[in-house]
Structure formats: C-alpha cells, structure tokens
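Participant: the amino acid sequence is not available; the structure is as follows:
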C-alpha cells in the first residue's frame, strides 16, 4: 500500500513538472531562498530573487495554461518567462529593507492580475461559459483542499515540535516554525495545487455537475446578508440626503464589501439562473442597487480628494466606483450571459491603472506634489521658489503634521524626487527626515506640545530624547530582538537570556551567568545628545501649571544613529537602540530617570 502511494505521488510530481516546468523550478528555488532570508542575513540579491520567483510563479502559471489551451509551444513560454524574471529583477529595489509602499502594492497587484488570468486564460477566446464556471469551481475546490491538507500538516508538525520542546526542554527558535511553514507552502502545496488544475477544458463545457449546497447556502445565507447589508447602506444614504453632508471616506470600504458579496453570490448561482425563477430577478435587483451606491462611493472619494488631494487608495476606489457602474449597466442591458467578461475587464483595468503613466500612483504623485506646494506656500516656507527659514518657527502644529504626512506619502510612492523637480527644490535622494529638516518641520513630535521658541535656561529641565525612525530598523545580522525598559533601578525585558541593570546612570547588559557584556554611561550619553540637539527649534514643552515645583518637561527628536549603540565581541554581536531616554538636568548634572528601547543580539 505504501509503495503504491509512493508511486502515485512520484507520478503526480513528474506530471506537474512536465506540465509546468519553470513554475515548479521557481517555486522550489524561491522557497529555498525564502527560508534562508527568514533571519534577515540573506544578501539583497537573494531577497530580490524571492520576490522575482513569487511573481514569476503566477505569471508563468498563467502563461503555461494559456499555451496548453491554445496549442502553443511551451518552450516559447519558458523563454519569455526567463526574460520576464530577469527584467523584473532589475526593476525591484535592493532587498526587503528598500521596499516602500508602492513596491509592495504593485507586487500584490501584479500577482492579483496573474491570478485572475490563471482563472480565465483557457476561455479567453472560447465562448464556453459553463466550462468557464466549472473550471473556476474546480480551481477553488483544489485551492481549499490544498489549504486544508497542507494546513493540517503544518499544525501537526508544529504541535510535535512544541511537544518535544516542552517534554525534553529543547530550545527551538520561533523562526523555525516560520521556516517549516514556508517549506510546506513552497514544496508541498505547490505540487498538490498544480496537480489538480483541469486539463480537459472542452469537456468542462458539457459538465452538468452543480453542488446543490451552493444554491442552498446562497439562498438562505448570502442573499439575506446581502439584503441586510444593502439596507444599512441605503438607510445611511438617506441620512446623507437629509443632512446634506457627504459621507466619510470609510463608506467606500463598506460599498466595496457589499459589491464583492453580491458578485460572489451571483457567480455561485450562475449555472442555476434558468432553473430557479428567483435568481435572475435577484441579480437584476442587485445590479440596480449598485449604481446609487457607486455614486455614493465616488462622492465620498471626491470630497476627500478635494480636501487632501488624490492618493493611490482614493484613485483606486474611484476606479472601482466607475467599474461598478459599468458592471451594473452591462448586466442590465446585455443580451447574453457571459461572466467571462467580468474577469477580463477586471484584469485589464487593474493592470492599466496600476502601472505606467495612467496608474493611480502616477496621479497620486502629481496631486500630492501640488498639495505640498500649496502647503509650503501657505505657511511661507516656500517663497518665490526658495525655501525660507524665517517663518518656520510659527507654523501651526496642524500644518506641520499635514506637511509631514504629505512628504512621507510622496516618499512612500517614490514621488519625492518628482515633487522636488516641480517645486524647484533639491529633494532628489532625500529621505523623509532630511526633507522635514529642509522644510523646518523635522522637530514635530507625535504628541501635542507647545513650542518653546525662546529657550534661555536649559539648566533646570527634565528632558526626553526620542529616536526618530525614518526607515525600517535594520536587523540584518541579528537573530534576536527584545524590548526593554528601565525606570530608576527597576528593569523589565523580553524573554531573552540577557538582563538589564540601571544604576547611577549606567545601563548594564548581563548574560545568564550575570557576567557583564556591555555598560553604557547614559548620563554621558544624555550630555552628548543635549549638546548635539541644542537648537531651540527642536524643543517642545508640555503645558505645566505655574505653581508646580517640578522642572519643565522638554522633548527632543534625535536621529536614529545617535540613539544606537553597537558592540562586537567575537561571535557575539550586540546592538542597543534607545527609543526614549529620560533624564533630569539640574545645574550641570544629568540624572537619568528611565530608558526604553530594543536589544538586538546574535550569540555564538
């Protein structure tokens, strides 16, 4: 029995490799690189290859299925896939740490388009609507089977490891559970799912199989939920008409989920549209209800965009609203049923509006660059095309936050350089903190403080220096990260082997045996920070009653490099990042009150 199962498994693997050769190769290679990249010690090129293989897996799968359906040469598909992977490699940022929001979003959208193509490629030119539905049903069934089976495998292995860790006092690093999950998904799930992709595409057209549970579930669960959800949205729409105030931006998310639920319901019921008299009227009514809700969504997006400019999210939601209206009108006026068009139009729309000059990201760069220009001119930071330092101290707190958010967003979507060209300001290559400093808003705190614009006596104040994180914290080369906090003589930390002691202003880090690994004089460190960041423009003060005897409380933002301490001792690597350092200055003496931060360590 075991030999028969083994032989069947080997035949299945050979069949999958023969059918999708490069897809399997990319999945296995990407899995190996991903396992190695878990501890953040992998080189940048390896991290880029993980992303390349991930995207190429779905692109290649769509290409092979298309070639198989239309009798094209798979060698040509393999060659094109290799070219795509090589070109895509050079378009990606150098490693995970260099990724920004736009990079992650475009990877997700490209994968999403590829998945839609996988679900529709065999019927791109064949008007076999029933075959198209059956093909999608079998793909979803295979996906659920793969998720349940391999998920059960992972849970079983994880419980086994946890049991051994508990019973035998083994030390199993948490990263190994993630590595095992990657291995199962990349090696096992890939083969199991690919083996279940249908081959006889024409045969699916004559299949009359329909799980009756779909109709029961849709009729008694999905449709009532759709009615309830739609009623809530229409009542909210009526409230808007009575009050005369456009809705908040969150309504777009609610409309999105209503549309998704309704479209999924109609898709599940599609084969039964002529057998059950209630299905076609329900689909028509749903299409009618989409149009006012799409207008509501567009109104909410336009109102937000008129106040704060267009962003990629707002542009995407606006495109979704237009798409909803188009789908509704098509369903109400079409002469024949063809659900294939829904997939085709969706894939093309996502691709066109996600990449290139027509993308929502390109529109967002232009709009937010204009918003930044208006803000800088309004607050007299930009005068006659030149950044002025004269009025920066008097910029209102709300405007500072607004400028910072626009600059940060432009950087996230790789639009800061283009904004600099538009404004005639040298922003090329600057990170957000450098741009904040250029505009005089880099000292804005995250809490409400009032500006101390004329600081004359710094000898009797309580200070807090806070690390200003610009990019993601660099953890490469370290295997553990723990948080710690010390107040006076009491310290708490994560579940690491190291312990902390704060005594007489000196922070000590000790190993399990109590041997001191490193000692840092925080009183001396505080003086260095005070000297380096002495500018009054970087000081913020809490409002304190006049009759209080406590010294004033001042917060300053410090660069991450000035709040970091590193030490290498053989194979032991230590990195301390101070998130906040509290101390009181009396006369010329600094008394450390508390400190909190992160410890990164790699042990031999």
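Facilitator: Looks like it came in fine. Keep in mind it's a predicted model, so treat the numbers as computed, not measured.

Participant: could you use CA atoms for every contact and neighbour count after this?
Facilitator: Fine.

Participant: confirm residue 508 sits in a helix?
Facilitator: No: assessed with DSSP: H, G, I helix; E, B strand; the rest coil, residue 508 is strand; it does not lie in a helix.

Participant: which SS state does the residue lying closest to it once chain neighbours are set aside fall under?
Facilitator: Nearest residue to residue 508 in three dimensions, chain neighbours excluded: residue 519, at 4.4 Å (Cα to Cα, 6 or more residues apart in numbering). What three-state DSSP gives for residue 519 is strand.

Participant: okay but residue 519 is in contact with residue 505, surely?
Facilitator: No: between residue 519 and residue 505 there is no contact under Cα atoms under 8 Å: 10.3 Å.

Participant: show me which of the two is the more surrounded one.
Facilitator: Taking other Cα atoms under 10 Å, residue 519 and residue 505 do not tie; residue 505 has more neighbours (22 against 14).

Participant: that one against residue 526, yeah?
Facilitator: No: applying Cα under 8 Å as the test, residue 505 and residue 526 come out as separate, 9.8 Å apart.

Participant: average model confidence for the biggest helix by length in the chain?
Facilitator: Across the chain, the helix with the greatest residue count (assigned by DSSP state H) is helix 129-167. Averaging pLDDT along helix 129-167 yields 90.

Participant: what helices or strands is it leaning on?
Facilitator: Counting contacts by 3 or more Cα pairs under 8 Å, 6 or more residues apart in numbering; DSSP states H and E, helix 129-167 packs against helix 101-120, helix 174-183, helix 190-195, helix 201-205.

Participant: most tightly packed of these?
Facilitator: Mean neighbour count (mean count of other Cα atoms under 10 Å) peaks for helix 190-195 among these, with a mean of 20.

Participant: ok, and what's touching that helix?
Facilitator: Applying Cα atoms under 8 Å, 6 or more residues apart in numbering, the external contacts of helix 190-195 come out as 12, 13, 15, 16, 24, 27, 142, 143, 146.

Participant: buried subset of the residues you listed?
Facilitator: By neighbour count, with 16 or more other Cα atoms under 10 Å, the contacts of helix 190-195 hold 12, 13, 16, 24, 27, 142, 143, 146 as buried.

Participant: just send those residues back as a markdown table, with distance to residue 498 too.
Facilitator: Shown next, in a markdown table, are the buried ones among the contacts of helix 190-195 (distance: Cα to Cα, whole Å):
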| residue | distance to residue 498 |
| --- | --- |
| 12 | 50 |
| 13 | 47 |
| 16 | 49 |
| 24 | 43 |
| 27 | 39 |
| 142 | 48 |
| 143 | 44 |
| 146 | 42 |
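
Participant: tell me the one of those nearest residue 287?
Facilitator: Residue 287 has its nearest neighbour among the buried ones among the contacts of helix 190-195 in residue 143, at 28.9 Å by Cα to Cα.

Participant: which residue is the nearest non-sequential neighbour of the closest one?
Facilitator: Here the nearest residue to residue 143 in space, its sequence neighbours aside, is residue 193; by Cα to Cα, 6+ apart that works out to 6.3 Å.

Participant: same question for residue 57.
Facilitator: Residue 57 sits nearest to residue 23 (Cα to Cα, 6+ apart), 5.1 Å away.

Participant: shaky segments in the stretch 501-604 of the chain?
Facilitator: Across the stretch 501-604 of the chain, residues meeting the criterion (pLDDT under 70) sit at 534-553, 570-571, 587-588, 604.

Participant: can you pull out the helices in it?
Facilitator: Using DSSP state H, counting those that start in this stretch, the helices of the stretch 501-604 of the chain run over residues 522-532.

Participant: just the strands in it please.
Facilitator: Applying DSSP state E, counting those that start in this stretch to the stretch 501-604 of the chain gives strands spanning 506-510, 516-521, 540-541, 552-559, 564-569, 572-586, 589-602.

Participant: want to try a markdown table for the ones you listed, with distance to residue 301 as columns?
Facilitator: Putting these into a markdown table (distance: least, Cα to Cα, whole Å) gives the following:
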| stretch | distance to residue 301 |
| --- | --- |
| strand 506-510 | 51 |
| strand 516-521 | 52 |
| strand 540-541 | 36 |
| strand 552-559 | 35 |
| strand 564-569 | 42 |
| strand 572-586 | 37 |
| strand 589-602 | 40 |
